[in-house]
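Engineer: Kindly generate the corresponding structure for this input.
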Amino acid sequence: MTFDSNASKPLSVVLAGGGTAGHISPLLAIADAIKDKRPDAAILTVGTPSGMETRLIPAAGYELATIDRVPFPRRPSVDLLKLPGRLSGAVRQARRILEEAQADVLVGVGGYVCTPMYLAARKLGIPIVIHEANMKAGLANRVGARFSNYVAVAFAGTRLRGARHVGMPMRRAISGLDRAKAAPAAKSLLGLDPERPALIVTGGSSGALSINRSIAAALPALAAAGVQTLHITGNGKSVLNDDGELLAADGYRQVEYVDGMESVYAAADVLLARAGAGTVSEAAAVGVPAVFVPLPIGNGEQALNAAPLVNAGGALLVDDKDLSPEWLESELIPLLSDHGRLREMARKSEALGIRNADQRMADLVLEAVNA
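Structural biologist: Now for the predicted structure:
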């Protein structure tokens with residue numbers, strides 16, 4: 001399908017993905033970059049009725065259509081027997097959406113919604129553009145890559161047929177961040193002392209228990225070293241002390257949520273976090289020294305995500321089972337006071353990071369449309 005720039009019909013782009021912020025954030029960044037390059041473009045996003053996309057995408061100003069969620073059971077079960085019928089129904093829904101949108105191109109970022117969208121687009125002869133966020137590609141994008149000559153990845157080591165390394169699309173407030181310039185104001189905004197080293201801890205919305213326990217036990221040592229700690233626990237994940245009260249200590253502040261991770265990246269002298277693909281890519285792009293604690297569950301993708309940055313010297317990695325108050329005291333506290341080492345980590349991180357992945361993806365989408 002070739003797009004005629006003189007045609008009266010505006011460019012129609014359908015973007016599919018969802019379920020988690022790790023899919024939705026790059027999807028929105030790609031959508032914004034396409035609109036920058038082609039203000040006339042009609043953008044439609046597709047997700048499932050139960051994912052985070054139902055809240056985040058309309059809030060970003062984009063229209064959302066939904067199709068049924070079709071999980072792929074990994075073991076023999078009743079759900080596996082139902083899979084062909086469910087998938088067929090979802091493909092019909094996807095086809096209807098693409099036809100009604102008069103789609104010129106489908107962009108997929110992974111998640112349950114993408115497999116039926118890829119299958120429907122293939123049947124209709126609509127070009128498919130894929131972005132894979134994780135080092136270990138998900139099932140939907142492994143399927144979609146068979147039908148596309150326009151496959152992009154966030155990490156150079158991701159194994160997908162014909163993949164191009166473009167980086168992770170991210171919000172402009174993050175990709176355009178000047179940490180050194182923004183740090184004093186960011187620390188003040190987050191209730192931190194601009195003159196003291198700051199450790200910012202974010203465990204994400206799940207799997208943060210081991211991080212919370214270790215930080216709580218290490219607070220006296222952190223305070224004694226002059227370190228202030230901002231602990232972002234996630235909504236409804238407040239950390240309590242043994243008496244059931246909100247954890248409190250000298251130099252320690254706890255919040256459930258921060259509106260705008262750019263403030264966190266600017267204020268943190270060291271970031272302690274899980275190793276989701278977005279976090280790793282954003283930390284590299286802006287050059288914030290990081291300690292990654294990969295989730296110990298799943299297929300090990302978080303450790304794989306962090307590996308290139310750790311190997312380059314821009315971050316440290318500690319296994320979840322090895323994270324302890326003793327490790328924090330022996331490894332993290334000395335790091336926070338070693339300004340030369342922190343500068344070197346920041347330099348190596350930025351050298352590996354990519355800030356313009358959203359624009360690269362928009363260019364790839366237009367390349368597919370005009371092929």
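
Engineer: sec struct for the spatially closest residue to Arg95 that is not a sequence neighbour, please.
Structural biologist: Closest residue in space to Arg95, ignoring its immediate chain neighbours: Ala120 at 4.1 Å, by CB to CB, 6 or more residues apart in numbering. (Glycine included, C-beta is placed from N, CA and C.) Secondary structure, DSSP: H, G, I helix; E, B strand; the rest coil: Ala120 is helix.

Engineer: how about stretch 222-240: buried residues?
Structural biologist: Leu222, Ala225, Val227, Gln228, Thr229, Leu230, His231, Ile232, Thr233, Gly234, Lys237, Val239 (16 or more other CB atoms under 10 Å).

Engineer: And the helices in the stretch 1-150 of the chain, which stretches?
Structural biologist: When assigned using DSSP state H, counting those that start in this stretch, the helices of the stretch 1-150 of the chain occupy the ranges 21-37, 53-59, 78-101, 114-124, 139-144.

Engineer: again with the stretch 201-350 of the chain
Structural biologist: Under DSSP H, counting those that start in this stretch, the stretch 201-350 of the chain gives helices at 209-224, 261-267, 277-286, 301-311, 325-327, 333-336, 339-352.

Engineer: deepest of those helices, which one?
Structural biologist: helix 277-286 (a mean of 26; mean count of other CB atoms under 10 Å).

Engineer: Put the alpha carbons of it into PDB.
Structural biologist: Provided in PDB are the C-alpha atoms of helix 277-286 (Å, rounded to 0.1, in the frame of the first residue of the first chain):
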ATOM      1  CA  ALA A 277      13.100  -1.700  29.800                       C
ATOM      2  CA  GLY A 278      11.800   1.800  30.100                       C
ATOM      3  CA  THR A 279      13.700   2.600  33.300                       C
ATOM      4  CA  VAL A 280      16.900   1.200  31.900                       C
ATOM      5  CA  SER A 281      16.600   3.100  28.700                       C
ATOM      6  CA  GLU A 282      15.600   6.400  30.300                       C
ATOM      7  CA  ALA A 283      18.400   6.200  32.900                       C
ATOM      8  CA  ALA A 284      20.900   5.600  30.100                       C
ATOM      9  CA  ALA A 285      19.600   8.500  27.900                       C
ATOM     10  CA  VAL A 286      19.800  11.100  30.700                       C
END
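
Engineer: who's in contact with it?
Structural biologist: Contacts to helix 277-286, defined as CB atoms under 8 Å, 6 or more residues apart in numbering, come from residues 21-22, 25-26, 133-135, 154-155, 167-168, 170, 174-175, 177, 179, 202, 261-262, 265-266, 271, 273, 290, 292, 301, 305-306, 309, 314-315, 349-350, 352-355, 357.

Engineer: any idea of the mean pLDDT in it?
Structural biologist: Helix 277-286 shows a mean pLDDT of 96.

Engineer: So Val113 versus Val91, what's the distance?
Structural biologist: According to CB to CB, to the nearest Å, Val113 and Val91 sit 11 Å apart.

Engineer: The two: who's more crowded?
Structural biologist: Between Val113 and Val91, counting by other CB atoms under 10 Å, Val113 is the more crowded of the two (31 against 21).

Engineer: wait, doesn't the more buried one sit right on Ile67?
Structural biologist: Yes: Val113 lies in contact with Ile67 (CB atoms under 8 Å); the separation is 6.1 Å.

Engineer: list the residues that contact both of the two?
Structural biologist: Val46, Thr48.

Engineer: how much space is there between the closest residue to Gly111 other than its chain neighbours and Ile57?
Structural biologist: Of all residues not flanking Gly111 in the chain, Gly19 sits nearest, at 4.3 Å (CB to CB, 6+ apart). Gly19 sits 12 Å away from Ile57, taking CB to CB as the criterion.

Engineer: which neighbours do these two share?
Structural biologist: Contact with both Gly19 and Ile57 is made by residues Gly47, according to CB under 8 Å, 6+ apart.

Engineer: isn't Leu219 right up against Val227?
Structural biologist: No: contact criterion CB under 8 Å: Leu219 and Val227 do not qualify, at 9.4 Å.

Engineer: which neighbours do those two share?
Structural biologist: In contact with both Leu219 and Val227: Gly251, using CB under 8 Å, 6+ apart.

Engineer: ok, and the closest non-adjacent residue to Glu301?
Structural biologist: Closest residue to Glu301 apart from its sequence neighbours, by CB to CB, 6+ apart: Lys136 at 4.5 Å.

Engineer: Kindly report the same for Ile34.
Structural biologist: The shortest distance from Ile34 to any non-neighbouring residue, by CB to CB, 6+ apart, is to Ala362 (4.8 Å).

Engineer: before we move on, the earlier item: against Leu160, how distant is the residue nearest to Glu301?
Structural biologist: Taken as CB to CB, the span from Lys136 to Leu160 is 10 Å.

Engineer: what about the protein, any weak spots by pLDDT?
Structural biologist: 1-8, 71-85, 204-207 (pLDDT under 70).

Engineer: Give me the domain ranges for it.
Structural biologist: 12-172+355-369, 177-352 (automatic domain parsing).

Engineer: tell me the contacts of Ala154?
Structural biologist: Neighbours of Ala154 in contact, by CB under 8 Å, 6+ apart: Pro26, His131, Glu132, Ala133, Asn134, Val166, Gly167, Met168, Ala277, Ser281, Ala357.

Engineer: Check whether the first one really touches Gly111, as I assumed.
Structural biologist: To tie it back to what came earlier, the one meant is Pro26. No: using CB under 8 Å, Pro26 makes no contact with Gly111, being 11.2 Å away.

Engineer: any shared contact partners between those two?
Structural biologist: Common neighbours of Pro26 and Gly111 (CB under 8 Å, 6+ apart) are Gly17.
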